[in-house]
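Trainee: the following comprises the amino acid sequence and a computationally predicted model.
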Amino acid sequence: MVEQDFQSKTKQLIDDLKSTCARNGLGNDASEFKIITQVFLYKLLNDKFTYETKQIEPKLASSDNWEQAFVALSDDEREMLAMQLPADAAELKQEHFISTLFAKQNEADFAKLFDDTLRDISMLNSDTFSVMTDSGEKVALFEPISEYVTVNKRDDFCRAIINSIAEFSFERIFIQKYDFYAVIFEYLIKDYNSNSGGKYAEYYTPHAVARIMANILVPEEQQGKVSNVSCYDPSAGSGTLLMNVAHAIGESRCSIFTQDISKKSSNLLRLNLILNNLVHSIPNVIEGDTMRHPHHKEGASLKQFDYIVSNPPFKLDFSEIHEELSGKEHQKRFFAGVPKVPAKAKDKMAIYQLFLQHIIHSLKANGKAAVVVPTGFITAKSIDLKIRKHLIDNKMLAGVVSMPSNIFATTGTNVSILFIDASNKGDVVLVDASSLGTKIKEGKNQKTVLSSSEEKQIIDAFNNSKSVDDLSVVVSYEDIAAKNYSLSAGQYFDVKVEYTDITEEEFKEKMTSYSSSLEVLFSQSDLLEAQIKKGLKGLRYE
C-alpha cells in the first residue's frame, strides 16, 4: 500500500510540475526535465532529512510539529544531529526546509530565495553529493531553477513549485528498497521520447533484461554472501542495470563505478544512487567520454572490476575521433580493432564493438560481465568475429541469452546478452528466448513483455547449465570454435526425427495412399505441361 501511495503521489507531483512548466512557457522544453528532476531531488532530500532526524532524536518523532521541535533544539543538539546523520542523508539547516520556504513564499524576491536555498544545500553537501567530470570538475547537486523563466514570472513560478511539493511527505518510503525509475522515469519518458528516438535507450534498460542479467551474474545462492566488490558500467545511463546488480549483491557490500558522456544521465544516476542506499558511490560517478578518456584507473592502467554490466549504444557517429581511437595509446584496449569510417551512414558506426572490448579489458581475472549487444554480433564476421574468437580461445565466456524481438519498446533491433566469465573453463550455455514473451502495444510501438515465470525459465536454464528443448543448449568451447565461433543457440540444437511403430497392413495402406496421390499430381503435371507448350506455340513477334 505504501508503494502504491508513493506512485500515485509521485505521478501527481510530476503532473503538477509539468503544468507549472507549461504555464511558464517551458512545456516539453529541454529545461523542463531538469526542473522536474531537481525539484524531486530537493523534495526527497528534505523528507529524508526529516525521516532520519526522527530516527535519531525521539522527541522529534513524538512531536506534533516536527519543524517547531527542531527549531527548539539547542545549537549543540542540532550539531550533534548533523554528525549522526547516515551517509545517504544530506545535511539541511532550518532555512533550507520546504516548510520554511512555504511560509516565506509571499516575500519579495522569492525566486532568489528559492535559488539561493538550492545553492546553499549544494555547497553544504558538496563533498558527498557532487558528481565529477573526467577533468576533475565538480557537478553541483542543484543549479538555479528560476532562471529558466522570464524575470517577471520567476516569483510565481517558484511559489507554484513550493506549493506542489509541500503537500505530502515521502518519509514512509525510506524503509524500503525502491528503484526510483520504476515510477518517475518511466512516467516522465512518455512525453520526452514520443517519436521512438534513441534518448530513452540512452538512459533506460527494461527491467526484465536488468533482472535476468543480475540473477545470472549473482545467482540466488550467492546473494547476500558476496562482499567488498566493485561494479562498473562504462555507459551507465540512469543506472538501472547497476541498481539490479547492487540489490542482488547487497548495497553495503559493493561500490558502484560509472562513466557516461551525458550530463543528464549522470544527474539521473545520482538520483538513483540516493534512492537506493548507494550514496557512498556518488564520488565514483564520472561525467565524461569513456572511449577517449576512461577515468577509472589504478596508476597508469585501467582499473579492473569484479562485475561489469552495460547496455552500450549500438550505433553512433564517432568518425571525428576515429583516428585518435586507432592510435597506439588505445591499441591494447581495442585488441580486435576500431570500426572503419564508412563513406555513407556514419551514424551507423558500430560503437558497441569498442565498448565491448573496453569491458573485456576492464574485467578482473575472476570477474564477470553481462553486456547487451545486437543479436547480429553472435554470428557476424570482422571485428565481431575477432571478439568472439578472443572470448572462446581464452575460455572466458559463460554464455549468451538471445532475447525476444521488441524487448526494447523503442527499437526493433534484436538484442542478446553476452555473459563473460574468465573463470568458466567448462561448457558454455546458449539460450534462445526469442519465442518467449507476450506482444503488447506501448504507444505507437510494439513491445514484448516477459512474464516472471519466463524470466525464471531463462535464469534457471542458464544457471543450472541445462539443455532444454527449443530453449537452451550446453556446448563446449571446441564445439563453438568448430562452427566458426557462432554463438547462435539454434545452430547447436539437435534435429529431431520422430519414429512411430506401425503394422505391415498400415504400412501398405499408407504406401497405396501415397502412390494414388502421386498419380493424381503427375497427371495434373502432364496436363499443365501440355498447356504451357500450347501457349508458347501461340506466341508471335510483333
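Mentor: Received the coordinates, thanks.
Trainee: how many neighbouring residues does N215 have?
Mentor: A total of 21 residues lie near N215 under the criterion other C-beta atoms under 10 Å. C-betas here are computed from N, CA, C, even on glycine.
Trainee: got the phi and psi for it?
Mentor: phi -80, psi -20 (degrees, to the nearest 10).
Trainee: numbering from 840 from now on, please.
Mentor: Okay, residue one is now 840; in that scheme the one you just asked about reads as N1054.
Trainee: distance check, it against N1083.
Mentor: 8 Å (C-beta to C-beta, to the nearest Å).
Trainee: again, but for E891
Mentor: Taking C-beta to C-beta, one finds E891 at 26 Å from N1083.
Trainee: what segments of the stretch 990-1139 of the chain are helices?
Mentor: Assigned by DSSP state H, counting those that start in this stretch, the helices in the stretch 990-1139 of the chain fall at 993-1004, 1023-1031, 1038-1042, 1046-1056, 1079-1088, 1102-1114.
Trainee: any idea which of those scores lowest on pLDDT?
Mentor: Note on the helices of the stretch 990-1139 of the chain: lowest mean pLDDT is at helix 1038-1042, with a mean of 42.
Trainee: point out where this structure drops to low pLDDT.
Mentor: 840-842, 1014-1043, 1248-1250, 1281-1283, 1333-1340, 1349, 1352-1353, 1355-1366, 1374-1381 (pLDDT under 70).
Trainee: may I see the buried residues of the longest strand along it?
Mentor: Secondary structure of the chain per DSSP state E: the longest strand is strand 1202-1213. For strand 1202-1213, burial by neighbour count (16 or more other C-beta atoms under 10 Å) applies to 1202-1203, 1206-1213.
Trainee: what does the helix or strand that it is followed by rub up against?
Mentor: Next along the chain after strand 1202-1213, taking DSSP states H and E as the criterion, comes helix 1222-1232. Residues from elsewhere that reach helix 1222-1232 (C-beta atoms under 8 Å, 6 or more residues apart in numbering): 1174-1176, 1178, 1189, 1192, 1195-1196, 1199, 1215-1217, 1236, 1259, 1316, 1319-1320, 1323-1324, 1326.
Trainee: identify the residues contacting the next helix or strand after helix 1222-1232?
Mentor: Following helix 1222-1232 in sequence order, the next helix or strand is strand 1236-1241 (DSSP H and E). Residues outside strand 1236-1241 that contact it (C-beta under 8 Å, 6+ apart) are 1051, 1055, 1207, 1214, 1217, 1230, 1253, 1255-1260, 1263, 1267-1273, 1297, 1301, 1316, 1326-1328.
Trainee: recalculate using a threshold of 7 Å.
Mentor: 1051, 1214, 1217, 1230, 1255-1260, 1263, 1267-1273, 1297, 1301, 1326, 1328 (C-beta atoms under 7 Å, 6 or more residues apart in numbering).
Trainee: need the next SSE after whichever strand or helix holds Q907, C-terminal direction.
Mentor: In this assignment (DSSP H and E), Q907 forms part of helix 905-911. Once the chain leaves helix 905-911, the next helix or strand it forms, by DSSP H and E, is helix 914-923.
Trainee: before we move on, the earlier item: nearest to R1011, out of the helices of the stretch 990-1139 of the chain?
Mentor: Ranking those by proximity to R1011 (C-beta to C-beta) places helix 1102-1114 first, at 13.9 Å.
Trainee: show me what that closest one is packed against.
Mentor: helix 869-895, strand 970-972, helix 1038-1042, strand 1093-1099, strand 1124-1126 (3 or more C-beta pairs under 7 Å, 6 or more residues apart in numbering; DSSP states H and E).
Trainee: relative to strand 1093-1099, how tilted is that helix?
Mentor: With axes from the mean of the first three to the mean of the last three C-alpha atoms, to 10 degrees defining the directions, helix 1102-1114 sits at 170 degrees from strand 1093-1099.
Trainee: buried ones in helix 1102-1114?
Mentor: In helix 1102-1114, counting by 16+ other C-beta under 10 Å, buried: 1103-1114.
Trainee: kindly format the C-alpha coordinates of it as CSV.
Mentor: C-alpha atoms of helix 1102-1114 as CSV (Å, rounded to 0.1, in the frame of the first residue of the first chain):
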residue,chain,number,x,y,z
LYS,A,1102,25.4,15.2,-18.2
LYS,A,1103,21.7,14.4,-18.0
SER,A,1104,22.3,10.7,-17.4
SER,A,1105,24.9,11.3,-14.7
ASN,A,1106,22.5,13.5,-12.8
LEU,A,1107,19.8,10.9,-13.2
LEU,A,1108,22.2,8.2,-11.9
ARG,A,1109,23.0,10.3,-8.9
LEU,A,1110,19.3,10.4,-8.0
ASN,A,1111,19.0,6.6,-8.4
LEU,A,1112,22.0,6.1,-6.1
ILE,A,1113,20.5,8.3,-3.5
LEU,A,1114,17.2,6.4,-3.5
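Trainee: now the angle from that helix to helix 869-895?
Mentor: 20 degrees.
Trainee: centroid-nearest residue for this structure?
Mentor: Per C-alpha atoms, centre = their mean, the C-alpha nearest to the average position across the chain is that of T1044, at 3.3 Å.
Trainee: sorry, back to before: how about the helices of the stretch 990-1139 of the chain in JSON lines, adding distance to L1155?
Mentor: Listed next are these as JSON lines, based on distance: least, C-beta to C-beta, whole Å:
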{"stretch": "helix 993-1004", "distance to L1155": "36"}
{"stretch": "helix 1023-1031", "distance to L1155": "20"}
{"stretch": "helix 1038-1042", "distance to L1155": "10"}
{"stretch": "helix 1046-1056", "distance to L1155": "20"}
{"stretch": "helix 1079-1088", "distance to L1155": "19"}
{"stretch": "helix 1102-1114", "distance to L1155": "14"}
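Trainee: and S858, how far from P983?
Mentor: Counting by C-beta to C-beta, the gap from S858 to P983 is 21 Å.
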